[in-house]
Structure formats: C-alpha cells, structure tokens
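A.B. asks: Sharing a sequence plus its predicted fold:
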Amino acid sequence: MRITINGTRWETSLQVGVDMQKWDTMKGKARGFDKNSNLVNEVIDTARDKAYRAKIKIEQEEKLLTPQNIRYYFSGQRDMERTIMKLFDSHNSFCEKKVGIQIAQATYDRYLTCRKHFSEFLKKEYNADDLPITRIDKELFEKFELFLRSDKKCANNTTVKYIRNFNKIVRIAVEKGWISGSPYKEVGFRLEEIEKPYLTQEELHTIEQKGFATKRLEVIRDIFVFCCYTGLAFSDVKELTEDNIQLGIDKYKWIIKHRKKTDVISKIPLFSIPEKIIEKYKENPVCVFKGVLLPVPTNQKMNAYLKEIADVCGINKVLTTHTARRTFATSVLLLEGVSMDIVSKILGHKSLFMTRKYAKVDDMNIAKCTAPVREKLQKSVS
C-alpha cells in the first residue's frame with residue numbers, strides 16, 4: 001500500500017501475495033472469487049478503510065495531514081501512547097501526592113496492588129506488558145475478574161474491590177475521551193454481605209484474664225484489648241501519643257485524635273482498662289524511642305499473633321485488629337445502652353450507614369433492651 005500526499009509518500013506491505021495473472025492493475029484488486037483472491041481483496045479493503053479513518057481522525061483533531069501522521073494513526077503508534085499501564089502509573093503517581101492530604105496510605109497501597117495484579121494478568125492472558133486503552137472492553141473485565149479469583153485466590157469482595165480500583169482508571173480514560181464508556185456496569189460485579197466477627201463480653205473478658213507464657217503474646221493481647229475499649233483502628237493506635245490524651249468536658253481523660261483514614265476527629269472517653277494499659281507501657285523502650293503510647297508492631301504481625309491468642313483462649317473466631325473496633329462498637333458501647341448516634345460519633349464515622357456495619361444489634365442487645373418490657377408485662381399479668 002502506498003499513500004502519497006503533496007509528493008511525499010509512505011509505503012507498507014499488507015503481508016499478502018497474489019498470482020500476477022490474477023491481479024487487476026486498473027482496479028487494484030485480485031480477479032476471481034477463489035479463496036486466495038477473496039483474502040487479498042478483504043485485506044486491501046480493510047487497509048483502505050483503516051487509512052481513510054486515520055485521515056478523518058487527523059482532520060477532526062485539526063492536525064497536519066501528512067503521510068507520517070497517517071502512518072502514526074494507521075500503525076497504532078498513537079494508541080500505544082494511550083495505554084492502560086501508562087494511565088495506571090499516572091493515576092498512582094498523582095495518588096501518592098495526595099496521601100495524608102486527601103487519601104489514606106491504605107487507599108494508595110490498594111491501587112499499587114491492583115496495578116501489580118493487572119500487570120501479571122496482562123503477561124499471562126495477552127503475553128504483553130501493556131495494551132492500548134482502546135482494548136478495554138467487557139471481555140477484558142471478565143478475564144481480569146477470573147484471574148483475580150483463580151490465580152490470585154481473591155475472595156468475592158476482594159475481587160470486586162480490585163475491579164472497582166481498575167474501573168477508576170477506565171473512568172479517567174472515558175473522561176479524557178479516549179474511549180466511549182466503561183463496561184463495568186454491563187458486567188455487574190456485586191459485593192456480598194459478610195458477617196464479620198466481634199467478641200462478646202464473655203470472650204473479651206476471657207482474653208483479658210488469660211495468662212500467656214510468652215511476652216510477645218502478652219503485648220499483642222494488651223494492644224488488642226486497648227483497641228476493644230477505645231475502638232481505635234490499627235493505623236490510629238499505632239501513632240497514638242501523649243498529646244492525644246486530653247481532659248474532656250467531664251474532666252476525665254479522653255483520647256482526641258484525627259482519624260488517619262478520614263481525618264475526622266474522634267473523641268473517645270478513656271476508660272480505666274485502656275488507661276492502665278497505657279501506664280503499663282510507659283517505660284517500654286520502643287514507646288520511649290518512638291514517642292508513642294504503645295509498642296504496636298506491623299498489622300501483619302498483629303493479625304498473625306491474634307490467631308495464636310484465639311487458639312490459646314479457645315475462641316473459634318478469626319481475630320484481626322479490626323475485630324477490636326467492632327467489639328468496641330457492639331459489646332462495649334451498644335450493649336451497654338449507648339445510642340447508635342453516639343457510637344458513630346465516637347468511632348469518627350461520617351455516616352450512620354458505616355456505623356451499622358460495626359455496631360451489630362444481636363440477640364443479647366435485644367434481650368437487654370426488651371427486659372423492662374418483659375418485666376412490666378409480667379407484673380400486669382400477675
């Protein structure tokens with residue numbers, strides 16, 4: 001194929017051949033209707049159509065019509081400037097600048113992990129390091145979902161969250177006008193409602209009173225119990241300092257701190273049990289060196305050791321740092337009659353919808369709240 005504009009030409013091979021006797025020079029096509037002739041003519045028609053579409057695109061973008069620009073669009077070089085991984089990297093670089101200002105570190109980390117998974121997916125499924133943005137379609141979404149479930153062994157909700165992270169990148173491409181829309185809604189990914197565990201008052205007391213043979217488990221137990229009585233998230237308790245302990249309106253000590261995830265101020269009354277734990281670690285070398293109140297390890301270590309603690313205490317629940325936050329909301333506050341509005345305020349939530357995911361109205365709550373009604377009705381009967 002040869003394209004000439006103002007005396008300048010560009011040539012490229014279409015990678016098909018035809019017998020010279022079957023070539024029609026005037027029409028620029030192969031004669032006859034045999035299999036090879038049909039193939040040759042189909043390739044020629046496709047190339048011609050592609051070249052004309054490149055011409056139209058150049059004119060629409062008000063760029064100079066040259067053979068070089070035709071080649072640029074025709075060969076897909078333009079598409080390879082607008083690729084999924086390049087857009088992913090651009091997005092993540094911008095997110096990194098917003099960490100601690102507009103987004104939490106955990107959010108940024110999740111995008112990094114999503115990018116890593118998507119890169120591995122491209123290599124396995126397409127044998128490629130990158131793909132043009134224009135390759136995004138429903139099939140790609142479905143294949144990425146299957147990769148997350150099968151190769152990465154992600155549970156449903158984890159899979160859906162990564163798909164949503166990826167769709168954020170796709171929406172940026174839509175906003176830039178690089179693609180017409182996202183196929184996300186066509187696929188219809190849904191989060192499943194999962195009943196997340198919390199400790200009952202009896203289970204919490206069991207852990208509090210348990211003696212441990214190793215100092216390591218004792219420290220983790222103390223930090224976990226502290227979180228069960230304060231509701232602080234792992235990222236917040238890790239950086240808790242003396243400055244966060246202040247006198248509240250009732251003249252008792254409170255924990256007053258901006259939540260790392262939402263930057264909402266949490267104001268938490270400091271009960272006697274967590275206050276004693278703070279006092280216990282006042283001279284701890286790690287606390288003194290870092291200027292913090294508790295010697296909190298990494299989240300991974302915390303969760304690993306909490307599994308050991310659950311086994312030792314005979315508690316058949318998966319304990320994590322987040323279990324403590326749910327325990328505080330449900331067994332420490334809600335069960336003792338604290339209203340959902342107050343629980344939400346203490347946890348530093350922006351909405352009651354989020355609080356209801358933490359504070360569960362269980363059978364014990366129902367029994368306790370309906371006890372006065374039961375007593376009143378029994379008296380009226382007697």
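C.D. replies: Arrived safely, thanks for sending.
A.B. asks: The longest helix belonging to the chain - contacts with which helices or strands?
C.D. replies: Using DSSP state H to define each element, the chain has its longest helix at helix 35-60. Applying 3 or more CB pairs under 8 Å, 6 or more residues apart in numbering; DSSP states H and E, we find helix 35-60 packed against strand 29-30, helix 67-74. C-beta coordinates here come from the backbone N, C-alpha and C atoms, glycine included.
A.B. asks: list the buried ones in it?
C.D. replies: 37, 40-41, 44, 50-51, 54-55, 58 (16 or more other CB atoms under 10 Å).
A.B. asks: can you check stretch 198-215 too?
C.D. replies: 198-200, 203-204, 207, 212.
A.B. asks: correct me, but Glu242 touches Val288?
C.D. replies: No: counting by CB atoms under 8 Å, Glu242 sits too far from Val288 to count as a contact (11.4 Å).
A.B. asks: can you list the weak-confidence ranges in the chain?
C.D. replies: Scanning the chain for pLDDT under 70 picks out 75-81, 193-195, 260-263, 352-371, 373-374, 376-377, 380-382.
A.B. asks: Please enumerate the strands of it.
C.D. replies: 2-5, 8-11, 23-24, 29-30, 245-247, 253-258, 265-269 (DSSP state E).
A.B. asks: would you list these in JSON lines and tack on distance to Glu62 and mean neighbour count?
C.D. replies: Shown next, in JSON lines, are the strands of the chain (distance: least, CB to CB, whole Å; neighbours: other CB atoms under 10 Å):
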{"stretch": "strand 2-5", "distance to Glu62": "16", "mean neighbour count": "12"}
{"stretch": "strand 8-11", "distance to Glu62": "20", "mean neighbour count": "12"}
{"stretch": "strand 23-24", "distance to Glu62": "37", "mean neighbour count": "14"}
{"stretch": "strand 29-30", "distance to Glu62": "34", "mean neighbour count": "19"}
{"stretch": "strand 245-247", "distance to Glu62": "62", "mean neighbour count": "13"}
{"stretch": "strand 253-258", "distance to Glu62": "49", "mean neighbour count": "18"}
{"stretch": "strand 265-269", "distance to Glu62": "52", "mean neighbour count": "17"}
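A.B. asks: circling back to that earlier point, which pair of the buried residues of helix 35-60 spans the longest distance?
C.D. replies: Farthest apart among the buried residues of helix 35-60 by CB to CB are Ser37 and Ile58. That separation is 32.0 Å.
A.B. asks: Could you spell out which stretches of this protein belong to which domain?
C.D. replies: As assigned by automatic domain parsing, the chain contains the domains 2-77, 82-187, 201-369.
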